[in-house]
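>>> Curious how this folds, go ahead:
(chains A and B)
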Amino acid sequence: MLKKTLDISSSPHIYKGRSTDDIMKNVVWALLPVVFFASYSFGLNALLVIFTATLACVLTEHLLCKLSKKETTVNDYSAVITGLLLGLTLPPSFPLWMAFVGGVIGIALGKYIFGGLGYNVFNPALVARAVLQAAFPVAITTWHPAFLPDRFTNISRSIFTWPFMQPQFDAISGATPLSAFKFDGITASTAELAFGQISGSTGETCAVIIALGGLYLIARNMMSWRIPVAVLLSAFVLSGALYLMDSALYPSPFFMLFSGGLMLGAVFMATDMVSSPITPVGLWIYGGIIGILTIVIRIWSGLPEGVMYSILLANAISPHIDTLVKHRVYGTTKKIKAT
Amino acid sequence: MGFLNFHKDTFKHGIHPPESKDETNALPIRQFPFAPVIILPMAQHIGAPSEIIVREGQQVHRGELLAKAGGYVSVPMHAPVSGIIRKIGNVPTISGKMSPGIFLEAFPSSTQEVLEGKPIDPNTATPEEILQGIQDAGIVGLGGAAFPTHVKLKIPEGKKCETLILNGIECEPYLTTDHRVMLEQEKDIFKGIHYLLKATGAQNAIIGIEANKQDAADHLAKHLPKELPLSIKVLPVKYPQGAEKMLITSLLQKEVPSKSFPIEVGVVVVNVATAAEIGRLLPHGRGIQERVITITGPGVKKKGNYLIPVGTPLRFVLEHVGVEEEISEVYMGGPMMGVAVSNLDISIVKGTSGILVFTRKDVNQSSKIYPCIKCGACVDACPILLNPSKLGILAKFEAYDEMASDYHLMDCFECGSCTYVCPSHIPLVQYFRLAKRVVRKREAEKKVESHA
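So this is what the prediction gives:
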């Protein structure tokens, strides 16, 4: 005999079987090789910085959820991504307490006050980094050379600075290729840049590993390919045009593409789904703005690097980009606003 | 994935759910036994319910008229079985609403011969006579919409039908009804097309078939009658290609204007099973009594394609094919647009193209709803090119009027592609269904006010 009661649900009754935490988890997987390379090239310092930033983000998210008496949202992995990204944008010998403060700020001010996952206007990791850059201008621009022989045994003194104390940096410090170019006019070779034989933030040095992580996410359809392509293409075209005009004054476009945080920013930061546009045309415009602003800041401003501010600016206008983009609905001739 | 959309013979966007057709697409159509009692709701098509013309206790013959059309947008109802009218009263329907209906008890010993009516000859009949014949046969769209076919075929004043499209796409996963009809009833289909060409005045006809039914396309091509201006086109598999508008775009690269019918671009679309029914019934002046239904899903023991009398109670159907212990949900139609059944006492209607049974483990249980992360998967899926993400956010704020006025809500035909792909498991299409109802209700109220 057939049972009496049936469940009912609204169609569709089948699903693609991909969930938001799946996507987030995969972004974490894609970031892990970057974390490994950071630990390999900068040793224990980098590992500690990345770990601290991640811990701060996850703890903050968990505590804020508890405080507002909601179910914790740390298991959607988005806080882990924020933490990893923040850690990967900090210098290797960055004091841990500062990294921790950054993590707290990123989640609390960059994400939670907007309403949590899905509602943040800016990429939370970059909000954190911008605050750190303003608060600790020296610490965040003191670079540590890569591949020191004692990197797996020795931890820099600056790492364990007590909160609110002046960090003591080791005598040996390295310049990033961008600051070397900006202040001394020296450019590094593309091969050195692509394979991470340079100094810089923990996670930005090996362009190839970053790009591979991005390709993995794009292949799994978990990342918009349009954003990194638009960012890199626009940066390449603008810097290429400048280089053609005056190759003595401006660095080669390949140098621009592979140096600094452009690759990390284009692949893992600008592609934050929540803070980027949703329409295909909007994504191109958004990526283009980031690429162009980065080059403009790098060349004409007082700062050696401009990826962070470019992405934050583009985040701010991304809802407006979507609104400006007109798009056409099937069976209509008039274009309507897309969002 | 926009950059993969370089096929010319397809529509934009869409999705590729697992087809799940292998278990039934090779099984020939089998006759289903008669249920002891047939329950016929009078409201089983779009438009006015049929009007009952028989009385309780009356004996009826199989094929005899039980109810006449309740207006122009309505169809009559015929007896699916010889028997006696036990009761006339309210019967449950899938929507949960009750409808006037007939309880017909079958005569166990009857030969179940079908009554013949006035035959219609496609060569001599006028278009009006054919349309009348189609209405008299009680024919509605068998693809699932159950819209009276004669209304669809009536070409409005000043319009011209150039192309007749036969819809053999069957893009819903699991369903193999049209597939089997194309393989087994080619003569009826061709005869039906003959009537349809005559009725619409179309100069040519195309049968659109998805590539997963290549055998059906080959079979039809082999038997293609030379005298018909008919061609067969095989299209790449993509959901929801079976939707009229999508099919027209795939075949003719034309877009049907928003809020209008295919005739705006000179096209009429008819489902292949509907065409087969026309070709089978009109030469004998008969009425529709049964239809082919795919009964499948992990919860069904004897899966297959069955010819089932209209009005057969769902409970009888499931008892006959056998279902697993742990059945959880039963759908009428496919898994993308089918409606979950709340009550096994409803019966098979003319628009039922499939019955799908899921057990507890097949039903998506997890479905934790996350906030929209603006991944854009829905934007890349929507065949009408809407922005379901934005519509979903507006629906949450109950901004229904804005959804309709600024974001083309009313163009959504509820294919479910957005909900299928959403990683945050937001029940978008459910929001839209609700929003559309509210908007329609408000518009109707406004009309009443302006008349008052």
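
>>> and the closest residue to chain B within chain A, what is it in contact with?
Closest to chain B within chain A is A:G118: 3.0 Å, counting by C-beta to the nearest C-beta. Any C-beta I mention is one placed from the backbone N, CA and C, and that applies to glycine too. Taking C-beta atoms under 8 Å, 6 or more residues apart in numbering or on different chains, we find A:G118 in contact with A:274, B:370-374, B:424.

>>> Arrange those residues in CSV, one row each, with neighbour count as further columns.
Formatted as CSV, the contacts of A:G118 follow (neighbours: other C-beta atoms under 10 Å in any protein chain shown):
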residue, neighbour count
A:V274, 23
B:Y370, 20
B:P371, 17
B:C372, 25
B:I373, 22
B:K374, 25
B:S424, 25
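
>>> between those, which is nearest B:S20?
Nearest to B:S20, judged by C-beta to C-beta, of those is B:S424 at 24.6 Å.

>>> Let me know the secondary structure of that closest one.
coil (DSSP: H, G, I helix; E, B strand; the rest coil).

>>> Contact partners for it?
A:19-20, A:118, B:369-373.

>>> and B:S109, how far is that from B:V60?
Applying C-beta to C-beta, to the nearest Å, the value for B:S109 to B:V60 is 15 Å.

>>> Those two: which is more packed in?
For B:S109 versus B:V60, the count of surrounding residues by other C-beta atoms under 10 Å in any protein chain shown is larger for B:V60: 20 against 7.

>>> Spatially central residue in chain B, please.
Among the residues of chain B, the one closest to the centroid is B:G144, at 1.3 Å (C-alpha atoms, centre = their mean).

>>> returning to that earlier point: sort out which of the contacts of A:G118 are in strands and list them.
Counting by DSSP state E, none of the members of those fall within strands.

>>> Between those, which sits nearest B:V341?
Nearest to B:V341 among these, with distances taken as C-beta to C-beta, is B:S424, at 27.6 Å.

>>> picking that back up, dump the contacts of A:G118 into CSV; add distance to B:G242 and pLDDT as well.
CSV is the format used below for the contacts of A:G118 (distance: C-beta to C-beta, whole Å; pLDDT from 0 to 100):
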residue, distance to B:G242, pLDDT
A:V274, 35, 94
B:Y370, 31, 91
B:P371, 33, 92
B:C372, 28, 93
B:I373, 30, 93
B:K374, 30, 92
B:S424, 27, 93
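
>>> nearest to A:I285, of the contacts of B:S424?
A:I285 lies nearest to B:I373 out of those, by C-beta to C-beta, at 20.2 Å.

>>> so who does that closest one touch?
Per C-beta under 8 Å, 6+ apart, neighbours of B:I373: A:20, A:23, A:117-118, A:273-274, B:423-424.

>>> same check, this time on B:C378
With C-beta under 8 Å, 6+ apart, B:C378 has these contacts: B:387-389, B:392, B:417-418, B:421-422, B:428.

>>> And for the helix or strand encompassing B:D188, what's in contact with it?
Applying DSSP states H and E as the criterion places B:D188 in helix B:186-200. With contacts defined as C-beta under 8 Å, 6+ apart, helix B:186-200 is touched by B:120, B:122, B:125, B:127, B:130-131, B:133-134, B:153, B:155, B:161, B:164, B:166, B:181-182, B:202, B:205, B:207, B:219-220, B:223-225, B:228-230, B:268, B:270, B:272, B:274-280, B:282-283.

>>> Looking at B:T93 now. What's its pLDDT?
For B:T93, the pLDDT comes out at 90.

>>> And stretch A:224-244, what's buried?
Across stretch A:224-244, burial judged by 16 or more other C-beta atoms under 10 Å in any protein chain shown covers A:224-236, A:238-240, A:242-243.

>>> Check these one by one and keep those near chain B.
Counting by C-beta under 8 Å from any C-beta of the partner chain, A:224-225 from the buried residues of stretch A:224-244 sit close to chain B.

>>> Out of the buried residues of stretch A:224-244, which sit inside helices?
A:226-236, A:238-240, A:242-243 (DSSP state H).

>>> residue ranges for the strands of the stretch 51-200 of chain B, please.
Using DSSP state E, counting those that start in this stretch, the strands of the stretch 51-200 of chain B run over residues B:51-52, B:59-60, B:65-68, B:77-78, B:83-92, B:98-106, B:163-168.

>>> Among these, show me which one is buried the most.
Most buried of the strands of the stretch 51-200 of chain B, by mean neighbour count (mean count of other C-beta atoms under 10 Å in any protein chain shown): strand B:77-78, with a mean of 29.

>>> Sheet-wise, list the partners of it with their directions.
Applying DSSP bridges to the sheet, strand B:77-78 is found paired with strand B:65-68 (antiparallel).

>>> Mind listing residues that contact the partner strand?
Under C-beta under 8 Å, 6+ apart, the answer for strand B:65-68 is B:40, B:42, B:50-54, B:60, B:76-79, B:85, B:102, B:104, B:287.

>>> Please save the CA atoms from that strand in CSV.
The C-alpha trace of strand B:65-68 is given here as CSV (Å, rounded to 0.1, in the frame of the first residue of the first chain):
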residue,chain,number,x,y,z
LEU,B,65,-19.0,13.2,-25.1
LEU,B,66,-19.2,13.8,-21.3
ALA,B,67,-18.7,17.5,-21.2
LYS,B,68,-18.8,20.3,-23.8
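
>>> Now find how far off-centre it is within its chain.
With C-alpha atoms, centre = their mean, to the nearest Å as the basis, strand B:65-68 stands 22 Å off its chain's centre.

>>> go on, stretch B:247-257?
Chain-centre distance of stretch B:247-257: 20 Å, with C-alpha atoms, centre = their mean.

>>> per-residue confidence averaged over that stretch?
Averaging pLDDT along stretch B:247-257 gives 94.

>>> just stretch B:39-47 next, same as before
93.

>>> Alright, that wraps it up for me.
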